[in-house]
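**Student:** sequence unknown, structure follows:
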């Protein structure tokens, strides 16, 4: 009996000792080494959380300030189509707009949208609205602001642009191939970096196809003035110009070219601007630039709705829509070549463009028609295999501005205030 009690006691002591040893080992065991912190990847825009939470019944109101009338068939018309696109797509979105707002009067309308109409986000769609938009962003830190075509930003203010310089270059290739006089005309709205950039890209294309051709510029100092645009177009034609491009928000220039081609037995060809204009010049419009603003508006508004964009993280958000998609890899392109959607080149001009040959440094002899589609392929590539603003590029005075093999930076393109060689006119 005594032996059994002693054995049980020893067994109990042994079990307790084993338990205490196990506990001590657990308490003193070293923790697993921490994984080294991974370097944060730089992002152009804030990234979506894995499972964004949206408040039930949440709605936002987006308001748009336009510089021209929505029926202008140019810049403002294209923005209005974008507004309607997002308005019709989302039941959580309410929109409002005001048209024909003078750039000097934009502050008053921004205040009205924020204070009276309780807009969540305000889109200001003209370069001249930039400073007033920035002041409003500072004045109303709890609201979202997005400025189109500018470069100033704030924690609650982003910028966006669907830029056409690549398309203008392609239009220039066609213009250089089709001109008989070697004189090409450009009716420009305002001498701001955007328009100067587009005129330069257009001229680079013209001179690649026809090195001796020139591009003469007439400034309107107005975004929408069909009468003045018509007058400028006719003035250029009187000097011998037989190709016209323009930045003005009406089809006036296209209509002038069509009249000369079909009624005056004097062929003058043109390129549409921002909105489909082929119907105004079926016999004379060669191509043009088209935009779908709705794709960019959709991306921005969806991210605001989901809470991805906040009033604290927009300072580095800049949409730069190009042929490749632009603002992020894989995004659909918001710009397109053509005088109407789905028709990059008017079929009437395909044969002469196929017959016109140039010698390209790497591609050898190639028709302008084939070169256009090769350039589109190169510019759509994420690696941007070709860019019109690749040196050597000289200014009007013959000074080399971009060295051989170098490309102009984003900042240089968005602040450019000089004309390339071959442009006749003043950039300011």
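**Tutor:** Structure's in. What do you need? Quantities reported herein were computed from a predicted structural model and do not represent experimental measurements.
**Student:** which residues touch the nearest residue to residue 419 once chain neighbours are set aside?
**Tutor:** Distances taken as CB to CB, 6 or more residues apart in numbering place residue 427 nearest to residue 419, at 4.6 Å, with adjacent residues excluded. All C-beta atoms are positioned from the backbone trio N, CA, C, and that covers glycine. For residue 427, the contacting residues are 191, 196, 417, 418, 419, by CB atoms under 8 Å, 6 or more residues apart in numbering.
**Student:** quick check: residue 300 vs residue 320, distance?
**Tutor:** Residue 300 is 13 Å from residue 320, where distance means CB to CB, to the nearest Å.
**Student:** actually residue 269, sorry about that
**Tutor:** From residue 269 across to residue 320, the span is 30 Å (CB to CB).
**Student:** neighbour count: those two, which is higher?
**Tutor:** With neighbours defined as other CB atoms under 10 Å, residue 269 and residue 320 compare such that residue 269 has more, 28 against 15.
**Student:** and the residue nearest to residue 419, helix, strand or coil?
**Tutor:** Under DSSP: H, G, I helix; E, B strand; the rest coil, residue 427 falls in the coil class.
**Student:** could you do residue 110 as well?
**Tutor:** Residue 110 ends up helix, using three-state DSSP.
**Student:** and it, how many neighbours?
**Tutor:** Neighbours around residue 110, by other CB under 10 Å: 26.
**Student:** okay, it: pLDDT?
**Tutor:** On pLDDT, residue 110 comes in at 98.
**Student:** check contacts around it.
**Tutor:** 65, 122, 124, 132, 133, 136, 145.
**Student:** rerun that using 7 Å as the cut-off
**Tutor:** By CB atoms under 7 Å, 6 or more residues apart in numbering, the contact set of residue 110 is 65, 122, 124, 132, 133, 136.
**Student:** also residue 418?
**Tutor:** Residues in contact with residue 418 (CB under 7 Å, 6+ apart) are 395, 401, 427.
**Student:** list the contacts of stretch 75-86.
**Tutor:** Here stretch 75-86 makes contact (CB under 7 Å, 6+ apart) with 64, 66-71, 93, 95, 97, 99, 125, 223, 249, 274-275, 291-294, 297-298, 301.
**Student:** run the last query once more with 8 Å
**Tutor:** The contact list for stretch 75-86 (CB under 8 Å, 6+ apart) reads 62, 64, 66-71, 93, 95, 97, 99, 125, 148, 223-224, 249, 273-275, 290-298, 301.
**Student:** list the ones among the residues you listed that fall in helices.
**Tutor:** Those of the contacts of stretch 75-86 mapping onto helices are 293, 294, 295, 296, 297, 298, 301, per DSSP state H.
**Student:** from these, which is closest to residue 313?
**Tutor:** Nearest to residue 313 among the ones in helices among the contacts of stretch 75-86 is residue 301, at 15.6 Å by CB to CB.
**Student:** and the closest one, how many neighbours?
**Tutor:** 24.
**Student:** double-check it against residue 144; I have them as touching.
**Tutor:** No - checked against CB atoms under 8 Å, the pair residue 301 and residue 144 is beyond contact range at 9.4 Å.
**Student:** got the phi/psi numbers for the spatially closest residue to residue 151 that is not a sequence neighbour?
**Tutor:** Distance criterion CB to CB, 6+ apart; nearest residue to residue 151, sequence neighbours excluded, is residue 414 at 5.2 Å. In terms of degrees, to the nearest 10, the main-chain angles of residue 414 are phi -80, psi 0.
**Student:** count of neighbours near residue 414?
**Tutor:** Residue 414: 19 neighbours (other CB under 10 Å).
**Student:** what sits against it?
**Tutor:** Neighbour list for residue 414: 151, 193, 194, 197 [criterion: CB under 8 Å, 6+ apart].
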